[in-house]
Each structure stands twice: as C-alpha cells, then as structure tokens.
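> Need a 3D model of the following:
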Amino acid sequence: MPPNAWTRWPLREALSKEGLSETRLWIGRGVRVIVLVGLLWATFGGGAFSGWGLAAAGAGVVIAVLAFRGFFRMTLERRIWPSIVLFALLEATAFGFFLVGARLPAIVVWCACAMTAMERLPLSAAVPCSALALGAFAVVNSDNWLTTAVTAAGLALAGYVVRLDAEARGSTQRLLVQERAARKAEAETAALAERGRIAREIHDVLAHSLSAQLVHLEAARQLIQRSSDLEADREQLLEQVVACRGMAREGLDGTREALSALRGEMAPVEDFLRRLAAAEGAELDVVGEPRALSAEAGLAIRRVAQEALTNVRKHAPGARVRMRLEYDEGNVGLMVRDFGGRGKPGELAKSGSGYGLLGMRERAELLGGTLESGPDEEGFVVRLKVPA
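Residues are numbered from 1 along each chain as shown. This next block holds a predicted model:
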C-alpha cells in the first residue's frame, strides 16, 4: 500500500455523482427517503414525546439532516476539519436522541455516520470516526455481544466496500475524461495535419501554375523587347497572353482538384495522365494492373507529372516526352523522360531552378517514397516511386 494511502482523500469524482447512472441515482434517493421516513416514524410515530421533548426530537432530526448535507459538501471540497466538526455534531445529535429516549433514531444515525465516514473521509480519519460511531452503537445495542460485534463488523465492511465501489467509479470517470481529452487532441492534430496537406497541395498547384505563366510572360516580354512593330506581332502577343490566362485557370482548377482529391473525389490517376499527355503531346505507357490509390499517392503522381512537363517546356522546348506509369506490389511509380529538346541536356540541374522538383522530392519522402531527377545522355529524366 502506498505511504500516502492513509492520508489520501478519495477521488473527487468518487465523492460526487459523476458517472452515476439514472438508476443508481434514483436508488440512492429512494434509500435516503426511506431512511428519513423511518427516522421520523421511529422518532414521532409512537407518541412518546410531547412538549419540550417533542421539540427537542424535532430539532434533532433537523440538525441531523442539515449536518449530513454539510458533511457531504465539506468532504466533496476535501476540507478535513469542517468535516470532522460536522461528524462530531452528528455523533452528538445521536447521543441527544438516546438521552431523550429515542434509541432507534440514535442507532440509525450512528450506523449511517460509520458507513459515511468510511466512504468519504481519508482512512486516517475514517477509521477512528467509524470506530467511534460503531462503538457507541455497540454500547447501546441490547442484543448479545456476538450479534453486536458481527453487525458492527458488517457495517464497517459495508462502508469500506462502498468506498471501493466509489473509488472504482471515480477512476473510471477520470479515465473517461482523459480519453475524451486524448480524442479531442487527436482530432485537433488530425485537423492540423489536414490543413498542412491542403496548404502543401495549394502551394504546389500555385507554384506549378505561376511557373508556367512565367514562361509565357517571359516569351511575351522578349517578343515586345525584340519587336520593332508591335502591330505585326499582335497575334503572337495575344497568343502568349491567352496561354498565360489559361495557365491561371489551370492553377485554379488544379487547386479545386487537389481539394477534391483530399476528399476522395478525384478521377483515377491514369485518366488524368492520359488527358495531360494528350494536351502536352507526350506519350504515356501504363504497366501493371491499375488500382485505386490513396489521395496522397495520386496527388504526388499528378504534381510530379505536371512539374516535369512544365520543366520540359521551360528548359527543353520541342523535346519528345515519354511518361511511364507502373503499378507493382505495394508501390506505384512514374517516370518522365524527354528526348531531343532544343535546350541543353542537364540545363535544369545547372540553372538553379528546380524548386518544384525539390518540393516534389519532399512530398515523396513524406509518403515514404523516393524521387530522383537528373540529366542523362539523351535529356532529362524524373523518377518517382511512392507507396500505393
């Protein structure tokens, strides 16, 4: 037994009504009503009191009821000395009943005091208080000593059992509160993680869209700078502006797609890649049995494909592009390779750009996958592999 077991109060949840079912609450109320009615009947039912004796007995009943209510409140607030004072007042009230001839009410108050003290006080105070009340009961009880001893021991044991039951209920209630707090914290953590995912998706979509817009704006700027007759180059300028507007719309649609994917409402990734390949004039090969992917894996493949094709437009214009989507056991991979562009092989790696691919690599690592990118003898290749 821990060293502080004798001085430790019962749990606050054990001293209150927290966690009690409606049935137990009504049973408790019924027991209290029965005890109170029995106390009143035993005190006044026989007509043994009149005049001052009747007034004294009535005052004793009122004092006992108020003292019990105060005792329950003081123990709930864990105030030891006020609790002991009220217990002493109850003992004195029981002795008052006995002195005026109300022997049965005195025994009821002593027994109730013994059980209540054992249930609600620290053991260092509960044991002597309960012993005092049961000792008084034993002194005035008219049964033989064996019956009195067994009754007193049974009352003490009953009080301790009630204490253990209340402690178990209090512990359960406390664990329930802790579990609710843990679930709330878990929900808040999940919400923060979801916000992080959404923020990362929107960041990647906007980075891709703005990068593509920058390509067209740079082409328009160079055209304006080199042109001596803007009217003659009007069609080309308009084409670049329209393309830039299309990139902006694509970025907005991509943001919506990202949010839809996070909600599980995105079309299969191979359908997206087919549309993207058709729009960019690229080739697409699908290897393995297509299957449903997690939202994170599907978004990673979409973003890497978009970023890789944007880099081809920026750094290897005119290149032939081949994409390969491969399903294998537990993973899905994507390879994007360009051939024969007008840009120099490896230009992306040397130019200091490539922040988009850096973000894609971080995304892959967060999912437990890998992303490799770099020049080869024919152009540039990007390889992604993530858990499906």
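> Helix, strand or coil: sort out Trp9 for me.
At Trp9 the chain is in coil, as set by DSSP: H, G, I helix; E, B strand; the rest coil.
> Could you pull up the residues touching it?
With contacts taken as C-beta atoms under 8 Å, 6 or more residues apart in numbering, Trp9 has the following neighbours: Leu15, Thr75, Arg78, Leu121, Pro122. (Each C-beta comes from the backbone N, C-alpha and C, glycine too.)
> Mind putting these into a markdown table with secondary structure and pLDDT?
As requested, the contacts of Trp9 are arranged in a markdown table below (DSSP: H, G, I helix; E, B strand; the rest coil; pLDDT from 0 to 100):
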| residue | secondary structure | pLDDT |
| --- | --- | --- |
| Leu15 | helix | 80 |
| Thr75 | helix | 89 |
| Arg78 | coil | 89 |
| Leu121 | coil | 90 |
| Pro122 | coil | 91 |
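> from those, which is closest to Ala92?
Of all these, Leu121 has the smallest distance to Ala92: 17.7 Å, by C-beta to C-beta.
> My read is that the closest one contacts Thr75, right?
Yes - at 6.5 Å, Leu121 counts as touching Thr75 under the criterion of C-beta atoms under 8 Å.
> what do the two both touch?
By C-beta under 8 Å, 6+ apart, the residues touching both Leu121 and Thr75 are Trp9, Ser83.
> Show the backbone phi and psi for Phe272.
phi -60, psi -40 (degrees, to the nearest 10).
> confidence score at it?
Predicted confidence (pLDDT) for Phe272: 84.
> residues near the closest residue to it other than its chain neighbours, how many?
Spatial nearest neighbour of Phe272, excluding adjacent residues (C-beta to C-beta, 6 or more residues apart in numbering): Arg302 at 5.7 Å. Using other C-beta atoms under 10 Å, Arg302 is surrounded by 24 other residues.
> just the buried members of the contacts of Trp9?
Neighbour counting with 16 or more other C-beta atoms under 10 Å marks Leu15, Thr75, Leu121, Pro122 as buried within the contacts of Trp9.
> got a list of what the third one touches?
Pointing back at Leu121 there. Leu121 neighbours (C-beta under 8 Å, 6+ apart): Trp9, Thr75, Ile80, Ser83, Phe87, Cys129.
> 10 Å instead?
Residues near Leu121 by C-beta atoms under 10 Å, 6 or more residues apart in numbering: 9-10, 71, 75, 78, 80, 83-84, 87, 127-130, 163.
> Adding distance to Asn144, write those residues out as a markdown table.
Shown next, in a markdown table, are the contacts of Leu121 (distance: C-beta to C-beta, whole Å):
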| residue | distance to Asn144 |
| --- | --- |
| Trp9 | 38 |
| Pro10 | 35 |
| Phe71 | 32 |
| Thr75 | 35 |
| Arg78 | 40 |
| Ile80 | 37 |
| Ser83 | 34 |
| Ile84 | 33 |
| Phe87 | 29 |
| Val127 | 25 |
| Pro128 | 26 |
| Cys129 | 26 |
| Ser130 | 22 |
| Arg163 | 29 |
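> Are any of those residues buried, and if so which?
Trp9, Pro10, Phe71, Thr75, Ser83, Ile84, Phe87, Val127, Cys129, Ser130, Arg163.
> so the fifth one touches Phe68, yeah?
No - in this structure, Ser83 is not within contact of Phe68 by C-beta atoms under 10 Å, at 11.5 Å.
> quick one: average confidence on the helix or strand in which Ala182 is found?
In this assignment (DSSP states H and E), Ala182 forms part of helix 145-226. Confidence for helix 145-226, expressed as mean pLDDT, is 79.
> Tell me the spacing between Leu176 and Pro10.
17 Å (C-beta to C-beta, to the nearest Å).
> Now that Gly159 has come up, it's in contact with Glu119, right?
Yes - at 5.6 Å, Gly159 counts as touching Glu119 under the criterion of C-beta under 10 Å.
> after the helix or strand harbouring Ala88, next one along is what?
Using DSSP H and E, Ala88 sits within helix 80-99. Using DSSP H and E, the helix or strand that directly follows helix 80-99 along the chain is helix 103-120.
> Would you tell me what the next helix or strand after that following helix is?
Taking DSSP H and E, what comes next after helix 103-120 is helix 123-140.
> and that following helix, what does it pack onto?
helix 80-99, helix 103-120, helix 145-226 (3 or more C-beta pairs under 10 Å, 6 or more residues apart in numbering; DSSP states H and E).
> for the shortest one, the distance to its chain's centre please.
Right, the one you point to is helix 103-120. Chain-centre distance of helix 103-120: 45 Å, with C-alpha atoms, centre = their mean, to the nearest Å.
> for stretch 176-184, same thing?
Distance of stretch 176-184 from the chain centroid (C-alpha atoms, centre = their mean) equals 7 Å.
> swap in stretch 84-97?
49 Å.
> Just the C-alpha atoms of it, please, in PDB.
The C-alpha trace of stretch 84-97 is given here as PDB (Å, rounded to 0.1, in the frame of the first residue of the first chain):
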ATOM      1  CA  ILE A  84     -14.700  16.200  11.400                       C
ATOM      2  CA  VAL A  85     -16.600  19.000  13.200                       C
ATOM      3  CA  LEU A  86     -19.800  18.100  11.400                       C
ATOM      4  CA  PHE A  87     -19.200  14.400  12.100                       C
ATOM      5  CA  ALA A  88     -18.900  15.300  15.800                       C
ATOM      6  CA  LEU A  89     -22.100  17.200  15.600                       C
ATOM      7  CA  LEU A  90     -23.900  14.100  14.100                       C
ATOM      8  CA  GLU A  91     -22.500  12.000  16.900                       C
ATOM      9  CA  ALA A  92     -23.700  14.500  19.500                       C
ATOM     10  CA  THR A  93     -27.100  14.500  17.800                       C
ATOM     11  CA  ALA A  94     -27.300  10.700  18.100                       C
ATOM     12  CA  PHE A  95     -26.400  10.900  21.800                       C
ATOM     13  CA  GLY A  96     -29.100  13.500  22.200                       C
ATOM     14  CA  PHE A  97     -31.700  11.100  20.600                       C
END
